[in-house]
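Undergrad: I'll drop the sequence and a predicted model, then ask my questions.
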Amino acid sequence: MAFQAVRGFKDVIYPESRLWDLLEERSKEIALSFGFEGIKTPVLENTEVFTRGIGQHTDIVEKEMYTFLDKNNESISLRPEATAGVIRAAIENKLFARKPVQKLFTIGQMFRHERPQKGRLRQFHQINAEVLGTASPIADAEIIALATTILQEFLDENKFKALRLEINSLGCPECRPNHKADLALYLTNNVENLCDDCKRRSETNPLRVFDCKKEGCKKVMQRAPLIKHYLCPGCAEHLGSVLDFLECYDIKFVQNPTLVRGLDYYTKTTFEIVSTSIGAAQSTIAAGGRYDGLISQMGGPDVSGVGMAIGIERLMLLITQDEEIPENKDFMFFVPLGSDSIEYLLPLSKKLREEGYNVKFSFDFKASLKSQLKNADREKARLVFIMGENEVNNKEIIIKDMLNHAQENVSLDNFIQRIRDLAENYNEEY
Ligand code: ATP
Ligand code: MG
């Protein structure tokens, strides 16, 4: 019987894994340039971290979370998103005592029991950033700028231009209740046209009906009262500032008055970055927003925060849509013919790696030259180093340039210097 990965869980194999690593490395560097510190939090948390953080009446908590009892009969959950865990960690590790404003960055897997499809998995990965401890609209703009900078780094010009930043404000505890009351009333009057989920949502969490993808509900919501008409002066001013600052960053946006998010904790700014060049079901590449009550609600100081998450699988889909993943860098390839040469070649391979070259070493020292060269070719090696019986006796190595079909013998003593010279030249050739 052959094993298969769990449904909705996927292996990342090369060449995608190579691109994936690059994505992680570069986005970390970019986050560093914005002054973020790295944080790694566990994939498992006590369930309450998420029910308290994300909200009981959200799709994520009600339907999508992997929750089970561990051997001590405690309810634990695989994290469906990063923010709640990061905030739990910031509070538990007393980060706010070190610095009132925390800029935290993390990359990792999230788990949601959704119906798997292209760009929608049960284990997926996010690039995640949170600014905790400030209500400043500069932080909102900065979080969005970080997301767009990372996306711009990996997308060609056309794909980047095909991204649309949608932004909205969800108000605050001062102005949101007025909207919520009117919305609930509106939904009650239109309840016969709502799906079963939304019938329930209209009582537990009416704002979430805006997020329903069913046609009937969408139609009802076209005439629903919009939060933008209810924003208090503080929220309106905040939104205005965020939009101004985005312009300072030269970031284009559209306001979407029906944009709400799948998590309860958002207040004020909420945003999504959507690609218009990819199917609607996986078009949201990144999303985030401000959460003013969440940190105190989770037992921390009464400060606010703002964050974003980029879906790595979605970004990968977009990058590889019609592009080849670039080849790995050139390798040098050692070919020992027989066992006597190995003691000379292994130390040289070590030395070349220490000098920063990419080096592979043939495992098949008992195989013929022809078969090992074929292997070197398959590995796309540019320079091949061969040592057989004759070369062992003469203390020399054959250097073969697979591209130019040139070949030369060098003494063991001169080998490293000769490679430095050759590598320098062939770097110039490209
Ligand atoms: P969607 O509306 O597509 O379900 P969401 O609003 O649930 O997305 P968020 O919770 O905001 O998503 O997560 C941020 C990002 O993480 C999304 O924009 C997306 O890129 C990615 N993401 C979310 N769920 C999945 C999933 N099941 N598989 C792959 N990526 C996902
Ligand atoms: Mg979702």
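TA: That came through, no problem. Numbering: from 1, shown residues only. Ligands and ions are numbered 1, 2, ... in the order given.

Undergrad: number of nearby residues for residue 76?
TA: Using other Cβ atoms under 10 Å, residue 76 has 17 neighbouring residues. Placement of C-beta: from N, CA and C, glycine included.

Undergrad: Skip ahead from the helix or strand residue 131 falls within and say which helix or strand is next.
TA: Assigned by DSSP states H and E, residue 131 belongs to strand 123-132. For strand 123-132, the following helix or strand on the C-terminal side (DSSP H and E) is helix 137-154.

Undergrad: Can you identify the element that follows that next one toward the C-terminus?
TA: helix 157-161.

Undergrad: neighbouring contacts of that next one?
TA: Helix 157-161 is contacted by residues 151-152, 275, 277, 318-319, 321 when judged by Cβ atoms under 8 Å, 6 or more residues apart in numbering.

Undergrad: Report the buried residues of that helix.
TA: By neighbour count on 16 or more other Cβ atoms under 10 Å, the buried set for helix 157-161 is residue 159.

Undergrad: Quick one: mean pLDDT for that helix?
TA: In this model, helix 157-161 has a mean pLDDT of 93.

Undergrad: Now do the same contact list for whichever residue of the chain sits closest to ligand 1.
TA: Nearest residue of the chain to ligand 1: residue 311, at 2.1 Å (Cβ to the nearest ligand atom). Neighbour list for residue 311: 119, 124-126, 284-286 [criterion: Cβ under 8 Å, 6+ apart].

Undergrad: what does the stretch 1-150 of the chain put close to ligand 1?
TA: 81, 112, 114, 119-121, 124, 126 (Cβ under 6 Å from any ligand atom).

Undergrad: Can you tell me which of these is nearest residue 238?
TA: residue 81 (23.3 Å; Cβ to Cβ).

Undergrad: would you say residue 274 is within a helix?
TA: No - Residue 274 sits outside any helix when classified using DSSP: H, G, I helix; E, B strand; the rest coil, being strand.

Undergrad: Do I have it right that it meets residue 284?
TA: Yes - contact criterion Cβ atoms under 8 Å: residue 274 and residue 284 qualify, at 5.4 Å.

Undergrad: what about these two, which has more around it?
TA: Remark: of residue 274 and residue 284, residue 274 carries more neighbours, 20 against 16, as counted by other Cβ under 10 Å.

Undergrad: rewinding a little: pick out the most distant pair among the residues of the stretch 1-150 of the chain next to ligand 1.
TA: 81 and 119 (16.6 Å).

Undergrad: TSV for the contacts of helix 157-161, including distance to ligand 1, pLDDT and neighbour count?
TA: Listed next are the contacts of helix 157-161 as TSV, based on distance: Cβ to the nearest ligand atom, whole Å; pLDDT from 0 to 100; neighbours: other Cβ atoms under 10 Å:
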residue	distance to ligand 1	pLDDT	neighbour count
151	11	97	23
152	16	97	15
275	10	94	24
277	15	84	14
318	10	92	25
319	13	90	19
321	15	79	12
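
Undergrad: what two of those are the furthest from one another?
TA: Between any two of the contacts of helix 157-161 (Cβ to Cβ), the greatest distance is 16.3 Å, for 152 and 321.

Undergrad: Surely residue 379 touches residue 331?
TA: Yes - using Cβ under 8 Å, residue 379 is in contact with residue 331, at 5.9 Å.

Undergrad: thinking residue 310 is in contact with residue 148, fair?
TA: No - using Cβ under 8 Å as the test, residue 310 is too far from residue 148 to be in contact (10.0 Å).

Undergrad: shared neighbours of these two, anything?
TA: With Cβ under 8 Å, 6+ apart as the test, residue 310 and residue 148 both reach residue 273.

Undergrad: tell me which element residue 400 falls in.
TA: With DSSP H and E as the test, residue 400 turns up in strand 396-401.

Undergrad: any idea of the mean pLDDT for that strand?
TA: Mean pLDDT, computed over strand 396-401, is 97.

Undergrad: relative orientation of whichever helix or strand comes after that strand and strand 396-401 in degrees?
TA: The helix or strand immediately downstream of strand 396-401 is strand 406-411, counting by DSSP H and E. For strand 406-411 against strand 396-401, the angle by axes from the mean of the first three to the mean of the last three Cα atoms, to 10 degrees is 160 degrees.

Undergrad: Sheet-wise, list the partners of strand 406-411 with their directions.
TA: According to DSSP bridges, strand 406-411 forms sheet pairs with strand 396-401 (antiparallel).

Undergrad: so how far is the strand it pairs with off the chain centroid?
TA: Chain-centre distance of strand 396-401: 43 Å, with Cα atoms, centre = their mean, to the nearest Å.

Undergrad: Now do the buried residues in it.
TA: 396-400.

Undergrad: so which pair among the residues you listed is furthest apart in space?
TA: The span of these, defined through Cβ to Cβ, is set by 396 and 400 at 13.2 Å.

Undergrad: ok, and the most crowded of the contacts of residue 311?
TA: residue 286 (26 neighbours).

Undergrad: That one: which element?
TA: strand 284-291.

Undergrad: Same question for residue 310.
TA: Residue 310 belongs to strand 305-311, assigned by DSSP H and E.

Undergrad: helices and strands around the following helix or strand past that strand, which ones?
TA: Per DSSP H and E, strand 305-311 leads on to helix 312-320 as the next helix or strand towards the C-terminus. Helices and strands touching helix 312-320, as assessed by 3 or more Cβ pairs under 8 Å, 6 or more residues apart in numbering; DSSP states H and E, comprise helix 16-33, strand 123-132, helix 137-154, strand 284-291.

Undergrad: Identify all contacting residues around the last one.
TA: Taking Cβ under 8 Å, 6+ apart as the criterion, the residues outside strand 284-291 that touch it are 83, 140, 143-144, 147, 151, 163, 170, 261, 265-275, 304-311, 314-315, 318.

Undergrad: same question, stretch 353-360
TA: Applying Cβ under 8 Å, 6+ apart, the set of residues contacting stretch 353-360 is 328-334, 349, 352, 379, 381, 416, 419-420, 423.

Undergrad: Need the max-distance pair from these.
TA: It's 328 and 416 that sit farthest apart of these, by Cβ to Cβ, at 23.0 Å.

Undergrad: Now residue 109. Its backbone dihedrals?
TA: Main-chain torsions, residue 109, degrees, to the nearest 10: phi -90, psi 150.

Undergrad: Give the bridge partners for it, please.
TA: Residues in beta-bridge contact with residue 109 (DSSP bridges): residue 125.

Undergrad: mind listing what it touches?
TA: Applying Cβ under 8 Å, 6+ apart to residue 109 gives the contacts 43, 123-125.

Undergrad: Of the residues you listed, which pair is most distant in space?
TA: The span of these, defined through Cβ to Cβ, is set by 43 and 124 at 12.3 Å.
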